[in-house]
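# When you get a sec, could you give me coordinates for this:
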Amino acid sequence: MAIITLNNNSLSSVTALPAGVGGKVLQVVQAKKNSTTNISGDGAIGLSQSITPSSSSNKILVMVNLDGVTLNTDNDYGQFELKLSNGTKLRDFAYPYGWNSNDNGVGTTPSMTWLHEPNTTSQLTYEVHFNSISGTVEVSVNRDEYDQASTLTLMEIAGWL
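Numbers count the residues shown, from 1 in each chain. Okay, the predicted model is just below:
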């Protein structure tokens with residue numbers, strides 16, 4: 001038998017979930033990057049993904065995992081940043097330091113998980129960038145000699161009412 005009413009309302013008249021319902025995963029999208037990116041100074045690492053929230057009360061769970069990150073520099077450092085495609089910086093994460101080129105850099109696997117509350121139903125495109133803070137850092141993501149992949153995963157989470 002099919003359910004045709006919810007709280008004594010026809011299904012076509014229901015415009016929102018009952019109070020207290022939320023936190024469910026509504027959609028998941030992921031970008032995966034296998035190729036190597038080398039940046040000297042500042043720039044995008046070539047990892048971006050779009051998502052369109054179905055309600056302005058929903059949140060976006062952002063998960064970034066970067067693989068095979070190396071820095072060849074003389075004790076300088078930088079940071080990875082999560083940005084929107086319009087240039088808005090949302091969050092800094094992972095402040096890797098470099099060693100001199102005789103030490104062949106330092107390998108790290110930066111990651112970040114963050115719950116964004118965009119309050120919109122417009123499409124959002126998230127991007128991962130690198131920004132040199134001290135000197136001009138040379139950073140490499142997904143180094144050639146390794147079988148590595150970096151990912152940017154977005155989950156739309158139903159808002160709490």
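# what are the ranges of the strands in this structure?
In the chain, strands defined by DSSP state E lie at 5-6, 9-10, 25-33, 37-40, 43-51, 59-65, 69-72, 77-84, 89-93, 106-108, 111-116, 124-134, 138-141, 150-157, listed in chain order.
# now those as TSV including mean neighbour count and mean pLDDT?
Placement of C-beta: from N, CA and C, glycine included. Supplementary listing: the strands of the chain in TSV, determined by neighbours: other C-beta atoms under 10 Å; pLDDT from 0 to 100:
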stretch	mean neighbour count	mean pLDDT
strand 5-6	11	56
strand 9-10	10	62
strand 25-33	14	96
strand 37-40	17	82
strand 43-51	18	93
strand 59-65	19	96
strand 69-72	21	72
strand 77-84	19	88
strand 89-93	14	92
strand 106-108	15	62
strand 111-116	14	94
strand 124-134	19	89
strand 138-141	22	78
strand 150-157	20	96
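# What's opposite residue 61 in the beta bridge?
residue 115, residue 155 (DSSP bridges).
# Now do the same contact list for it.
113, 114, 115, 116, 154, 155, 157 (C-beta atoms under 8 Å, 6 or more residues apart in numbering).
# try it again with 6 Å
Residues in contact with residue 61 (C-beta atoms under 6 Å, 6 or more residues apart in numbering) are 115, 155, 157.
# how close does it get to residue 54?
The gap separating residue 61 from residue 54 is 15 Å, by C-beta to C-beta, to the nearest Å.
# now swap in residue 39 and tell me
Relative to residue 54, and taking C-beta to C-beta, residue 39 is found at 35 Å.
# Also residue 60?
The separation that residue 60 has from residue 54, given C-beta to C-beta, amounts to 11 Å.
# now swap in residue 125 and tell me
Plainly put, residue 125 is 17 Å away from residue 54 if you go by C-beta to C-beta.
# same question, residue 160
15 Å.
# now do residue 155
Between residue 155 and residue 54 the distance is 13 Å, computed by C-beta to C-beta.
# Kindly report the same for residue 43.
If you go by C-beta to C-beta, the gap between residue 43 and residue 54 works out to 32 Å.
# Over to residue 152?
For residue 152 relative to residue 54 (C-beta to C-beta), the value is 20 Å.
# do residue 140 as well
To residue 54, residue 140 is 38 Å away according to C-beta to C-beta.
# first vs last residue of stretch 111-123, how far apart are they?
End-to-end distance of stretch 111-123 (C-alpha to C-alpha, to the nearest Å): 24 Å.
# Could you find the closest non-adjacent residue to residue 67?
For residue 67, the nearest residue in space outside its immediate sequence neighbours is residue 148; the separation is 3.9 Å by C-beta to C-beta, 6 or more residues apart in numbering.
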